[in-house]
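Peer 1: everything below, folded, please.
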Amino acid sequence: FDGQSGGLIAAVLRPGRRPFGEENAMIMRRVLKRIRHHFPDTHILVRGDGHFSGPELMGLIDSMSNVDFIFGFACNPKLLAMAEPTRLRAIDRWVA
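Peer 2: Residues are numbered from 1 along each chain as shown. Predicted coordinates for the structure are as follows:
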């Protein structure tokens, strides 16, 4: 869906299982090429849940100019430790 208008960009009829990285990359390659065709100078930000955070899709997006991504990751001890200083700064700012 388009982040500003809420309009549908693409729909894919597929099995109810979690998509594989190659499948996500295949779908997004097609969508991003079509968006880029119509909006050649627009910066594109792809946001997705953790199941999008595979190396295939991240590699595809990294290889494209003027396209970035933000994907969720499942919580784990390493990420929690990395985020802790930022979390504590946010608490300090909120309380102050």
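
Peer 1: can you list phi and psi of the closest residue to Ala74 other than its chain neighbours for me?
Peer 2: Nearest residue to Ala74, sequence neighbours excluded (C-beta to C-beta, 6 or more residues apart in numbering): Gly50, at 5.3 Å. In short, each C-beta sits where N, CA and C put it, glycine included. When read as degrees, to the nearest 10, the backbone of Gly50 gives phi -60, psi -30.

Peer 1: neighbours of Gly50, how many?
Peer 2: Gly50: 11 surrounding residues under other C-beta atoms under 10 Å.

Peer 1: hang on, it packs against Ile70?
Peer 2: No - counting by C-beta atoms under 8 Å, Gly50 stays clear of Ile70, with 11.5 Å between them.

Peer 1: which regions of this structure sit below the pLDDT cut-off?
Peer 2: By pLDDT under 70, the weakly predicted segments of the chain are 19.

Peer 1: what ranges does it have for its strands?
Peer 2: 44-48, 67-71 (DSSP state E).

Peer 1: now render the ones you listed as TSV, adding distance to Ala96 and mean neighbour count.
Peer 2: Formatted as TSV, the strands of the chain follow (distance: least, C-beta to C-beta, whole Å; neighbours: other C-beta atoms under 10 Å):
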stretch	distance to Ala96	mean neighbour count
strand 44-48	30	14
strand 67-71	27	15
